[in-house]
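>>> I need the structure of the sequence given here:
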Amino acid sequence: MQKITLIAAIDRQFGIGFKGCLPWHIKEDLKDFQTYTLGKPMIMGRLSYESIGSKPLANRAMAIVSSTATYPNATVVKSLDQAIRFFADAPEIIIAGGAKIYQEALERCTHMRLTHIDHIFECDTYFPPFNPQLFKVIDQTPLVLGKQHNYKIEVITYKRIDII
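Below is the predicted model:
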């Protein structure tokens, strides 16, 4: 069975974005994101892709879900289903946002890798609520932050219970 992993950083209120950008800059989380996703195919929506400068991330095959946009050096597909089919041979697919893509992928994901930030930021975009009874925590790792951050964060990996 193919592993489909949603990856996101969320604050205490499940915030993930503000005005098209991340509401925080936590280099330790960005490094963790890069390390985990390197070499894996990634799916994201148009707005998320534009928020990273409309450029493919290095060493990752990417499919951008959009009904209208086209981008040089990127594969654009019309739907999440089409994107998943595009990467049918991959052992794991990363779903990297945004909120609409997360909502649609939540029912199909086998895993979630969420960086929980113990702080409330100003956000206008949120990770969709999910039923914790459908998932089991299989890993929980704190990230050591620099002194400029006065809150804790940890990366929690969830696995859908019905596939354990």
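>>> contacts and neighbour counts: CA atoms only from here.
Noted.
>>> pLDDT at the residue of the chain most remote from its centre, what is it?
Distance from the C-alpha centroid of the chain, by CA atoms, centre = their mean, peaks at Lys147 (25.7 Å). Per-residue pLDDT puts Lys147 at 76.
>>> just the buried residues of stretch 61-81, please?
61-66, 74-77, 79-80 (16 or more other CA atoms under 10 Å).
>>> give me the number of residues near the nearest residue to Ala61 once chain neighbours are set aside?
Nearest non-adjacent residue to Ala61, counting by CA to CA, 6 or more residues apart in numbering: Pro41, 4.6 Å away. For Pro41, the count of nearby residues is 21 (other CA atoms under 10 Å).
>>> also Asn150?
Residues near Asn150, counting by other CA under 10 Å, number 9.
>>> okay, it and Ile120: tell me how far apart.
For Asn150, the distance to Ile120 equals 12 Å [CA to CA, to the nearest Å].
>>> check the secondary structure at Phe33 for me.
Put simply, Phe33 is helix when judged by DSSP: H, G, I helix; E, B strand; the rest coil.
>>> by mean pLDDT, which helix or strand of the protein comes out lowest?
helix 46-51 (a mean of 91; mean pLDDT, DSSP states H and E).
>>> now the strands for the protein?
3-10, 15-17, 42-45, 62-65, 75-77, 92-95, 111-117, 125-126, 135-143, 153-160 (DSSP state E).
>>> now mean pLDDT and distance to Trp24 too, for those strands, in TSV please.
TSV is the format used below for those (pLDDT from 0 to 100; distance: least, CA to CA, whole Å):
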stretch	mean pLDDT	distance to Trp24
strand 3-10	98	10
strand 15-17	97	9
strand 42-45	96	20
strand 62-65	95	24
strand 75-77	95	28
strand 92-95	98	20
strand 111-117	98	10
strand 125-126	98	13
strand 135-143	96	15
strand 153-160	97	12
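>>> many thanks, we can stop here.
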